[in-house]
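Colleague: Got a predicted model here, sequence first, then my questions.
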Amino acid sequence: MSVPASAPARADSVVILAAGLGKRMRSARPKVLHPLCGRSMLEWVLDQALALEPQRIVLVVGHGADEVKKSLANHGAASRLQFVTQEPQLGTGHALQCCLSALGQDPGRTVVLYGDMPLLRPESVRALVATQAATADGGLALLTAVFAEPRGFGRIVRDPKTQSVVRIVEEKDCTSAERELDEVNLGVYCFDGRGLVQALPRLSNDNAQKEYYLTDVLALFVAEGRRVASVELEDPNEGLGVNTLAQLAEARTELQWRILEQHLENGVYIEDPASTYVDHGVAIGAGTRILPCTVIRSGVKIGAGCEVGPFTQLRPGTVLEDGAEVGNFTECKNSTIGKHTKAKHLAYIGDATLGANVNIGAGTIFANYDGKAKHKSVVEDGAFIGSGTVIVAPNTIGTRATTGAGAVVTKNSAVGASQVWVGVPAKRLSLRDGDRIPRS
């Protein structure tokens with residue numbers, strides 16, 4: 001798929017259809033809010049819309065409308081969102097009819113997207129818009145794909161002589177011959193906006209499903225002599241929608257690979273992509289090694305030259321500074337791991353700030369929750385935390401301080417610089433003159 005040279009790849013208006021109930025998901029959650037790699041399915045579609053730099057984004061909601069609106073209240077595109085309610089839901093054409101007031105008489109170049117199509121790449125949407133601008137200005141362009149088994153999709157019917165698109169037939173309305181066609185309509189369009197709003201009131205529900213089809217706008221455009229262009233996806237899987245939890249899992253696999261591929265291209269060594277889970281919105285520096293069976297959640301920041309895993313979970317709010325190492329059944333949450341600090345074995349680091357060159361011994365626990373609230377702890381540069389230490393928050397472990405194996409440092413102990421604390425509860429160890437704790 002290539003974008004026509006010099007053709008604009010931006011739209012004035014984008015409409016996202018997200019009103020569906022999603023019965024086949026068997027979930028109380030609105031379909032478009034199901035999670036995919038650290039964000040909702042709908043947020044992936046918003047990326048498609050934002051790639052077109054539109055003046056307005058009209059989001060058609062229905063089932064779970066309040067929940068959908070709340071989920072986007074703090075989204076970066078919130079100022080450009082207009083919500084339209086479709087109730088009852090009488091088809092895609094009816095959904096656009098509900099948008100007529102929001103779009104106005106001349107919404108400009110208008111793109112229609114779907115809240116359950118997260119795999120569509122922004123590049124493909126831009127190519128669609130550029131094609132409409134270059135070859136069908138005043139008309140429309142649509143995305144198509146060729147499937148070996150096109151079950152469930154509307155079929156593209158072309159003029160046998162010119163091969164131009166003349167109509168789209170929904171599968172339930174297909175003749176036996178039309179069912180054999182393997183080029184399908186994906187429902188993603190770029191319209192001349194003025195022509196679209198003029199056509200929408202003229203749609204009819206005279207069909208097997210008694211719904212108003214957006215596909216019928218194409219027939220009206222053809223009858224008026226408006227040009228219709230098509231863009232075939234090179235990868236038809238981009239056009240697949242998500243209607244079941246099984247399809248959601250398939251979409252997650254595809255999006256996960258795209259995320260990992262980008263990190264690999266940026267110089268991150270991922271030993272086993274098949275067992276590595278990295279959410280959207282994770283920053284990883286070049287030269288970092290990600291070992292097998294690692295989970296890194298959205299918002300985590302990892303510096304250069306770090307090592308993570310195996311069997312590690314980094315939860316939101318975690319920052320690894322350059323050269324830090326975390327692995328072997330270690331979990332971090334809302335914590336900063338300083339430069340060249342190591343937590344290599346069976347540790348939980350929650351709500352903590354660790355300085356540079358800190359050693360976290362095997363089995364160390366930061367007890368950050370007192371049953372009512374979370375509390376923070378600080379471990380300063382060069383501290384040595386012995387195996388099996390429990391640090392009860394809030395607490396501070398001073399520069400180059402040491403805790404003995406199995407120590408329980410009770411809250412607000414404020415271990416001083418270079419002090420040694422041992423025991424349960426831990427107490428400061430007094431040393432005779434000339435004694436010292438060997439440190440490498």
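Modeller: Noted; the coordinates are in hand.
Colleague: quick one: the strands in the stretch 51-200 of the chain?
Modeller: With DSSP state E, counting those that start in this stretch, the ranges of strands along the stretch 51-200 of the chain come out as 56-61, 81-85, 110-114, 140-146, 154-158, 165-169, 183-191.
Colleague: what's the pLDDT at the residue lying closest to residue 244 once chain neighbours are set aside?
Modeller: Spatial nearest neighbour of residue 244, chain neighbours left out: residue 24 (4.9 Å); criterion: CB to CB, 6 or more residues apart in numbering. C-beta: built from backbone N, CA, C; applies to glycine. Note for residue 24: predicted pLDDT of 88.
Colleague: In the protein, where is pLDDT below threshold?
Modeller: Applying pLDDT under 70 to the chain flags the ranges 1-7, 431-440.
Colleague: and it, what are its domains?
Modeller: 13-239, 245-428 (automatic domain parsing).
Colleague: Can you give me the end-to-end span of the shortest one?
Modeller: In this case it means domain 245-428. Distance across domain 245-428, first residue to last, is 55 Å (CA to CA, to the nearest Å).
Colleague: next one: that domain to chain centre, how far?
Modeller: Relative to the centre of its chain, domain 245-428 is centred 23 Å away, using CA atoms, centre = their mean, to the nearest Å.
Colleague: And stretch 43-54, by the same measure?
Modeller: Stretch 43-54 sits 12 Å away from the centroid of its parent chain (CA atoms, centre = their mean).
Colleague: Give me the buried stretch members for stretch 159-176, please.
Modeller: For stretch 159-176, burial by neighbour count (16 or more other CB atoms under 10 Å) applies to 165, 167, 168, 169, 170, 174.
Colleague: picking that back up, so which of the strands of the stretch 51-200 of the chain is nearest residue 234?
Modeller: Nearest of the strands of the stretch 51-200 of the chain to residue 234, taken as CB to CB: strand 140-146 at 9.1 Å.
Colleague: sorry, back to before: I figured the residue nearest to residue 244 was touching residue 243, is that so?
Modeller: Yes. With contact defined as CB atoms under 8 Å, residue 24 reaches residue 243; the gap is 5.0 Å.
Colleague: before we move on, back to that, can you redo the strands of the stretch 51-200 of the chain as a markdown table with distance to residue 128?
Modeller: Formatted as a markdown table, the strands of the stretch 51-200 of the chain follow (distance: least, CB to CB, whole Å):
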| stretch | distance to residue 128 |
| --- | --- |
| strand 56-61 | 16 |
| strand 81-85 | 21 |
| strand 110-114 | 7 |
| strand 140-146 | 5 |
| strand 154-158 | 15 |
| strand 165-169 | 14 |
| strand 183-191 | 5 |
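Colleague: hmm, back to that, my read is the residue nearest to residue 244 is in a helix, agree?
Modeller: Yes. Assignment of residue 24 by DSSP: H, G, I helix; E, B strand; the rest coil places it within a helix.
Colleague: separation between it and residue 37?
Modeller: From residue 24 over to residue 37 the distance is 21 Å, taken as CB to CB, to the nearest Å.
Colleague: Please say which of these two ends up with more neighbours.
Modeller: A direct count of neighbours by other CB atoms under 10 Å for residue 24 and residue 37 places residue 37 higher, at 22 against 14.
Colleague: I'd assumed residue 255 was in contact with the more buried one.
Modeller: Yes. At 5.0 Å, residue 37 counts as touching residue 255 under the criterion of CB under 8 Å.
Colleague: anything in contact with each of these two?
Modeller: Taking CB atoms under 8 Å, 6 or more residues apart in numbering as the contact rule, the neighbours common to residue 37 and residue 255 are residue 280.
Colleague: Tell me the one of the buried residues of stretch 159-176 nearest residue 210?
Modeller: So of the buried residues of stretch 159-176, ranked by how close each gets to residue 210 (CB to CB), first place is residue 170, at 12.0 Å.
Colleague: Surely the closest one is in contact with residue 214?
Modeller: No. The criterion here is CB under 8 Å, and residue 170 misses it with residue 214 at 10.5 Å.
Colleague: Now residue 303. Nearest residue, chain neighbours left out?
Modeller: Sequence neighbours aside, residue 322 is the residue nearest to residue 303 in space, at 3.9 Å (criterion: CB to CB, 6+ apart).
Colleague: can you confirm the one you found is in a helix?
Modeller: No. Assignment of residue 322 by three-state DSSP gives coil, placing it outside any helix.
Colleague: Pull the number of nearby residues for it.
Modeller: 16.
Colleague: Does it touch residue 306 like I think?
Modeller: Yes. The pair formed by residue 322 and residue 306 meets the contact definition of CB under 8 Å, at 7.0 Å.
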